[in-house]
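Novice: Here is the input, now give the coordinates:
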Amino acid sequence: MTATVLCPTCQKTVVWSAASPFRPFCSERCKLIDLGDWAAENHRIADKSSIDPELSEQFLAELEQEMLAADNRFFKD
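Specialist: Residues are numbered from 1 along each chain as shown. Model prediction:
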C-alpha cells in the first residue's frame, strides 16, 4: 500500500516515498514557497500560554538590570 499526502502549497497528491524527494511538497518550487511564507511570518505556531503582562514587564526589567550590571561590551561605549 502506497501512502499519499497532499502538497501543503498546491494540494497536489504526493506519493510518500524516496521517489518524491521534496515530500510532503510536490516540488522544490512548492517547498520554497512554503519556506518564504514562514520567513515572511505568514505562518506561525500559535502560543496557547497566557502571558501575565505585569510579570513579563518585571522579567524584562530584571533582565535589563542584569545586562547593564554585567561587564557587557554591547552596552558600553
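Novice: Could you use CA atoms for every contact and neighbour count after this?
Specialist: Fine.
Novice: the helices in this structure, which residues?
Specialist: 28-39, 53-69 (DSSP state H).
Novice: Just put those helices in TSV and tack on mean pLDDT.
Specialist: Listed next are these as TSV, based on pLDDT from 0 to 100:
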stretch	mean pLDDT
helix 28-39	94
helix 53-69	80
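Novice: Highest mean neighbour count out of the ones you listed?
Specialist: Compared across the helices of the chain, helix 28-39 shows the largest average neighbour count, a mean of 14 (mean count of other C-alpha atoms under 10 Å).
Novice: Just the CA trace of stretch 25-33, in PDB.
Specialist: Taking Å, rounded to 0.1, in the frame of the first residue of the first chain, the C-alpha atoms of stretch 25-33 are listed here in PDB:
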ATOM      1  CA  PHE A  25       5.800  19.000  -1.100                       C
ATOM      2  CA  CYS A  26       5.300  18.100  -4.800                       C
ATOM      3  CA  SER A  27       8.300  20.100  -6.000                       C
ATOM      4  CA  GLU A  28      11.100  22.300  -4.900                       C
ATOM      5  CA  ARG A  29       9.100  25.300  -6.000                       C
ATOM      6  CA  CYS A  30       6.300  24.500  -3.500                       C
ATOM      7  CA  LYS A  31       8.800  23.800  -0.800                       C
ATOM      8  CA  LEU A  32      10.400  27.300  -1.400                       C
ATOM      9  CA  ILE A  33       7.100  29.000  -1.500                       C
END
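Novice: Outside of that stretch itself, list whatever touches it.
Specialist: 6-10, 12-14, 20, 22 (C-alpha atoms under 8 Å, 6 or more residues apart in numbering).
Novice: With stretch 4-21 instead?
Specialist: For stretch 4-21, the surrounding residues in contact (C-alpha under 8 Å, 6+ apart) are 2-3, 23-26, 30-31, 33-34.
Novice: Go through those and name the one nearest L68.
Specialist: Nearest to L68 among the contacts of stretch 4-21, counting by C-alpha to C-alpha, is D34 at 40.0 Å.
Novice: With that, I have no additional questions.
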